[in-house]
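Trainee: next come a sequence and a model predicted from it.
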Amino acid sequence: MQLSEKLSNTVVEDSSFDLEKISKYLISKWKWFMAVGLLFAVIFASISTTLPNKYTSEVLLVDADDGTNGMDGIAGKLGGLAGLAGIGMSSAKEKKLIALQILQSRQFLVNFVKSNKLEVLLFAVESWDQESNEYIFKDDVYSVEKDEWMPMEGANRTNYPTDLEIHTHVKSLINIDIDTTNRVTKVFFTYFNPEKAQEWLGMLLSQLNNRLRMTDIEEKERQIQFLQEQLALEKNTGIRNVFYSLIEEQIKSSTLAKARDEFVFKVIDPAIFPEHKSSPKRALITVLGGLVGGVICFLFFVMRFILKK
C-alpha cells in the first residue's frame, strides 16, 4: 500500500473516531441543552409580554371600471394628437398601480396624517390598554397634561415628527397584497387600537379615491378644453367628427367620475374590525428563544470538546 493511501485511511479513521466521540459527548450533555433551551424560552417569553399588542385591519378591493375603454378606438384615429391630449394612454392596470404608489407616497401620507391630526396617536403612543380603552403615552415624547411635544434630547427641536418620519412610519403600517390573476387587491393597516386600525384604513382609501377622482376630473376638463381648441382650428369634416366623439366621451367620463365614490378601486369587503391581535406572536417568540438557547449551548460544548483535545 502506498504512503498516500495509508495517510488517507488514517484521516478517515480519525474523522470517524472524532465524530463518534463528539456525538457521545454531546448526547451526554442533553440535560444542559434542555436547561439552557428552557431558560432562553422563559427569557424570550418574558420579553414578548412587554411588547404591545397590535391589530391589523384589512380591506378587499377590485379594479373599478373607469368607463374609458370606448375612447381607445376613437383616440387611435387621431394618433399623436390624442397622445398630446393624454387620451386613451393608461390602462386600468396602470391606473391601479399608480394609485397604489400614491397610497404609499410621501405627499399623500403626510397630508393624510396632518389633515386628520393623527400625529399624537401615531407617534406619541406606546401602547393601548384594552380594558380601560386608554392609550399609554411616551412621556418623554409628548406631554398629555400640557398638550405639547417634548424637546428632543440632543437636538434643537421638539419630538414633533418631520415629514420624512411621518412617511417612513405610516408606510411601515401599510401592507399591500396584489392578486394579478383575479384582479383583487388586499390592503392592510396595523395599529395598537383595532378600532382605529379599521377606521384609518377606511379613511385612507376614501381619501385616495377622492384624490384620484378629482385629479381625473381636472385632467378630463383639460383634455376637453384642448380638444375644443383643436376643433376650432380643424377644417376636415372627418377629423371634426372624431373630435366631437372624443369630446362627448370625455364629458361622459367626467360626469361618471363626479357621480362615483369608488373611482379606481371598488370595495368588495370593507375594512374589518380585527378581533384578534396580529402581533406579537408570543408562542413563536418563545419557541425561537428555546432554539436559540439550544444552538448556543450546542456551539459551546462543541468548542469545549475541540479545545480539550
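Mentor: Here it is on my side, so go on.
Trainee: only C-alpha atoms for contact and neighbour calcs from this point on.
Mentor: Noted.
Trainee: for Phe108, which non-adjacent residue is closest in space?
Mentor: Leaving out its chain neighbours, the residue that sits closest to Phe108 by Cα to Cα, 6 or more residues apart in numbering is Ile102, at 6.5 Å.
Trainee: and the gap between the one you found and Leu109?
Mentor: For Ile102, the distance to Leu109 equals 9 Å [Cα to Cα, to the nearest Å].
Trainee: hmm, back to that, hang on, isn't the residue nearest to Phe108 packed against Phe112?
Mentor: No. The pair Ile102 / Phe112 is not scored as a contact, 11.7 Å apart, by Cα atoms under 8 Å.
Trainee: what's the neighbour count on Phe188?
Mentor: Neighbour count for Phe188, taken as other Cα atoms under 10 Å: 19.
Trainee: show me where the stretch 151-300 of the chain has helices.
Mentor: In the stretch 151-300 of the chain, the helices defined using DSSP state H, counting those that start in this stretch lie at 163-173, 194-233, 237-259, 282-308.
Trainee: now the shortest one - C-alpha only, CSV.
Mentor: The reference is to helix 163-173. Coordinates of each C-alpha in helix 163-173 appear next as CSV, following Å, rounded to 0.1, in the frame of the first residue of the first chain:
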residue,chain,number,x,y,z
ASP,A,163,-42.4,64.8,7.1
LEU,A,164,-39.8,62.1,6.4
GLU,A,165,-40.5,60.4,9.8
ILE,A,166,-44.3,60.5,9.2
HIS,A,167,-43.9,58.9,5.7
THR,A,168,-41.5,56.2,6.9
HIS,A,169,-43.6,55.2,9.9
VAL,A,170,-47.0,55.3,8.3
LYS,A,171,-45.8,53.4,5.3
SER,A,172,-44.5,50.7,7.6
LEU,A,173,-48.0,50.3,9.0
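Trainee: how about it: buried residues?
Mentor: Judged by neighbour count using 16 or more other Cα atoms under 10 Å, the buried positions of helix 163-173 are Ile166, His167, Thr168, Val170, Lys171.
Trainee: adding distance to Ala257, write those out as TSV.
Mentor: What follows is these, written out as TSV (distance: Cα to Cα, whole Å):
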residue	distance to Ala257
Ile166	31
His167	29
Thr168	32
Val170	29
Lys171	28
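Trainee: for those residues, which one is nearest Glu199?
Mentor: Proximity of the buried residues of helix 163-173 to Glu199 (Cα to Cα) peaks at Val170, which lies at 14.6 Å.
Trainee: find the nearest non-adjacent residue to the closest one, please.
Mentor: Leu109 (7.1 Å).
Trainee: and the host helix or strand of that neighbour, what does it pack onto?
Mentor: Using DSSP states H and E, Leu109 sits in helix 106-115. Applying 3 or more Cα pairs under 8 Å, 6 or more residues apart in numbering; DSSP states H and E, one finds that helix 106-115 makes contact with helix 163-173.
Trainee: what's the neighbour count on Leu26?
Mentor: Neighbours of Leu26 (other Cα under 10 Å): 16.
Trainee: so it sits right up against Phe301, yeah?
Mentor: Yes. In this structure Leu26 lies within contact range of Phe301 using Cα under 8 Å: 7.0 Å.
Trainee: with that, I have no additional questions.
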